[in-house]
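Student: I'd like to go over a predicted model; first the sequence, then the structure.
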Amino acid sequence: MEKLVCSSMKIMQMQMPQMATSGMGMLLPGLQNMIQMQQVRHRQTKHWKPEFKRLRKQKFVKIDLPNLREKPEDISKEEMRSRMKERGVLPPRPWMERPFHISCTGGIFEAYVPPEGDGKKSIISSSGAKQKFEFLEKKSKSLLAVRKIRSYDESFSSDEFGTEAQEIYIAAHTHMAAKEKYKIREYVSERCYPEMMHNVKDKTIHWRFLQSLEPPRVVHARVTEVITKENQFAQVTVRFHTQQMLAIYDRFGRLMHGSEILTKDVLEYVVFEKHISNEYGKWRLHDKIIPDWLPAKQPAPITYRISDEPVEEAAKEISAGEQTKQLESGSDQQKEQLNVVNAAATSQQPETSAKPALAI
């Protein structure tokens with residue numbers, strides 16, 4: 001259409017001088033109106049600036065849209081393999097594998113059984129000598145375990161480990177009292193962390209290590225493997241006989257347990273664990289051994305919020321016989337209190353129009 005319009009315009013321009021000379025100027029306005037009435041179309045999709053046409057073309061990438069109606073049963077294995085190879089996708093495996101790290105064990109293996117009355121019975125007595133003999137019998141396995149630990153950690157010494165364990169013990173309890181939940185993880189295993197930090201919220205803990213009554217010593221040592229033989233864990237039980245101070249306050253500032261004035265002699269058997277297969281493993285507090293013969297501790301008193309509404313208590317009626325017994329056995333003050341109660345009870349009773357009793 002554009003070509004036709006352009007050709008007609010050229011013809012008119014060529015014929016204009018002839019029409020002017022031949023006296024056909026009268027037809028010129030009509031032809032001009034007819035030319036103006038013709039519809040002219042312009043291309044709207046063409047860019048206004050023809051430069052960088054090739055670069056604009058590269059902005060659009062043709063992709064092959066997937067056939068969503070295609071079922072996986074209709075595709076052959078060879079075709080599926082070629083498609084996955086083309087897209088760089090690995091074939092799916094029948095099992096799901098997830099890496100995980102075992103940083104500590106779930107409990108104590110071959111736990112040490114503390115002798116009953118430890119710390120109270122003397123070695124000279126018969127019961128104390130018996131305890132010492134039982135300890136020597138169990139020492140053979142512990143020596144083998146210490147030898148196994150030294151094969152991984154050459155600097156380990158059962159004689160010097162007591163002081164190192166005491167430093168870990170003090171640091172862990174200090175961070176627990178200060179509620180430093182990130183620093184305490186350096187001294188406490190993942191199993192011991194929730195047990196130490198349980199119910200610490202909304203409480204003020206004052207804890208202090210005063211002194212050691214006896215030097216800490218290693219009483220038990222064991223080594224075990226987890227899943228594979230190369231994955232070795234070591235547990236060492238250390239006996240602590242110390243003096244400590246502990247005071248726990250609730251959120252209202254009331255004393256729940258212990259005292260800041262009194263000191264207590266504490267005898268504990270603490271288990272320390274290390275992932276000896278790990279080159280960067282370190283000893284951490286893992287658990288505490290509580291023997292079965294130890295009596296259960298009384299729970300701390302719990303505080304509650306008192307409601308503002310007064311609680312109405314039902315008045316207890318005291319029979320006449322009980323009143324006479326209390327009067328006979330009680331003191332003069334109790335007699336006066338009972339008289340006041342009886343007077344108040346009679347005054348509160350409504351007056352009733354009772355019939356006079358017949359005298360017989």
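Tutor: The structure has been received and is ready for your questions.
Student: how about the strands in this protein?
Tutor: With DSSP state E as the criterion, the chain has strands at 204-225, 232-249, 255-274, 284-288.
Student: what helices or strands is the first one leaning on?
Tutor: What it means is strand 204-225. Counting contacts by 3 or more Cβ pairs under 8 Å, 6 or more residues apart in numbering; DSSP states H and E, strand 204-225 is packed against helix 126-152, helix 161-178, strand 232-249, strand 255-274. C-beta: built from backbone N, CA, C; applies to glycine.
Student: what is the neighbour count of the closest residue to Pro91 other than its chain neighbours?
Tutor: Leaving aside its sequence neighbours, Pro91 sits nearest to Met84 (Cβ to Cβ, 6 or more residues apart in numbering; 6.4 Å). Neighbours of Met84 under the rule other Cβ atoms under 10 Å: 13.
Student: where does Met84 land on pLDDT?
Tutor: The per-residue pLDDT reported for Met84 equals 91.
Student: then Ala296?
Tutor: Looking at Ala296, its pLDDT reads 80.
Student: what about Ala52, distance to Glu230?
Tutor: In this structure residue 52 is Phe, not Ala. From Phe52 across to Glu230, the span is 64 Å (Cβ to Cβ, to the nearest Å).
Student: give me the pLDDT value at Pro350.
Tutor: So Pro350 comes in at 46 (pLDDT).
Student: surely Ser158 touches Ala221?
Tutor: Yes. Counting by Cβ atoms under 8 Å, Ala221 is a contact partner of Ser158 at 7.2 Å.
Student: who has more neighbours out of the two?
Tutor: The neighbour comparison of Ser158 against Ala221 (other Cβ under 10 Å) goes to Ala221, with 26 against 18.
Student: residue contacts, the more buried one?
Tutor: By Cβ atoms under 8 Å, 6 or more residues apart in numbering, Ala221 lies in contact with Ser142, Ala145, Val146, Ile149, Ser158, Ala234, Gln235, Val236, Thr237.
Student: how many residues are close by Asp250?
Tutor: The number of residues packed near Asp250 is 16, by other Cβ under 10 Å.
Student: got it, and Asp292?
Tutor: When neighbours are defined as other Cβ under 10 Å, Asp292 has 7 of them.
Student: same question, Tyr169
Tutor: The tally of other residues near Tyr169 (other Cβ under 10 Å) stands at 20.
Student: and it, how far from Phe272?
Tutor: Separation of Tyr169 from Phe272 (Cβ to Cβ): 9 Å.
Student: how about Lys139?
Tutor: Lys139 is 18 Å from Phe272, where distance means Cβ to Cβ.
Student: go on, Arg54?
Tutor: 73 Å.
Student: so which of these two has more stuff around it?
Tutor: Set side by side, Arg54 and Phe272 show more neighbours around Phe272, with 24 against 7, by other Cβ under 10 Å.
Student: test my guess that that one contacts Asp287.
Tutor: No. The pair Phe272 / Asp287 is not scored as a contact, 9.2 Å apart, by Cβ under 8 Å.
Student: could you list the low-pLDDT ranges of this structure?
Tutor: Along the chain, the parts satisfying pLDDT under 70 run over 1-43, 117-129, 131, 135, 303-305, 308-360.
Student: so for stretch 59-73, first residue to last residue, what's the gap.
Tutor: Here the two ends of stretch 59-73 are set 37 Å apart, with distance taken as Cα to Cα, to the nearest Å.
Student: next one: stretch 83-97
Tutor: In terms of Cα to Cα, the two terminal residues of stretch 83-97 are separated by 25 Å.
Student: residues in contact with it?
Tutor: By Cβ under 8 Å, 6+ apart, stretch 83-97 touches Ile75, Arg81.
Student: identify the contacts common to Ser158 and Ala221.
Tutor: In contact with both Ser158 and Ala221: Val146, Val236, using Cβ under 8 Å, 6+ apart.
Student: what's near enough to touch Glu230?
Tutor: Applying Cβ under 8 Å, 6+ apart to Glu230 gives the contacts Ser277.
Student: from Leu267, how far out is the nearest residue to Pro291 once chain neighbours are set aside?
Tutor: For Pro291, ignoring the flanking residues on the chain, the nearest one in space by Cβ to Cβ, 6+ apart is Pro114 at 4.8 Å. Distance of Pro114 to Leu267, given as Cβ to Cβ: 8 Å.
Student: more neighbours: the two, which one.
Tutor: Applying other Cβ under 10 Å to Pro114 and Leu267 shows that Pro114 carries more neighbours, namely 22 against 14.
Student: looks like the more buried one contacts Asp292 (just checking).
Tutor: No. Pro114 is beyond contact range of Asp292, at 9.8 Å (criterion: Cβ under 8 Å).
Student: just the CA coordinates for stretch 228-237, please, in CSV.
Tutor: The C-alpha trace of stretch 228-237 is given here as CSV (Å, rounded to 0.1, in the frame of the first residue of the first chain):
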residue,chain,number,x,y,z
THR,A,228,33.4,-47.4,63.1
LYS,A,229,36.6,-48.5,64.8
GLU,A,230,38.4,-45.4,63.8
ASN,A,231,35.9,-43.2,65.6
GLN,A,232,37.1,-43.4,69.2
PHE,A,233,35.7,-41.6,72.2
ALA,A,234,37.3,-41.5,75.7
GLN,A,235,35.6,-40.9,79.0
VAL,A,236,37.4,-40.2,82.3
THR,A,237,35.7,-40.0,85.7
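Student: for Thr224, which non-adjacent residue is spatially closest?
Tutor: For Thr224, ignoring the flanking residues on the chain, the nearest one in space by Cβ to Cβ, 6+ apart is Phe109 at 5.0 Å.
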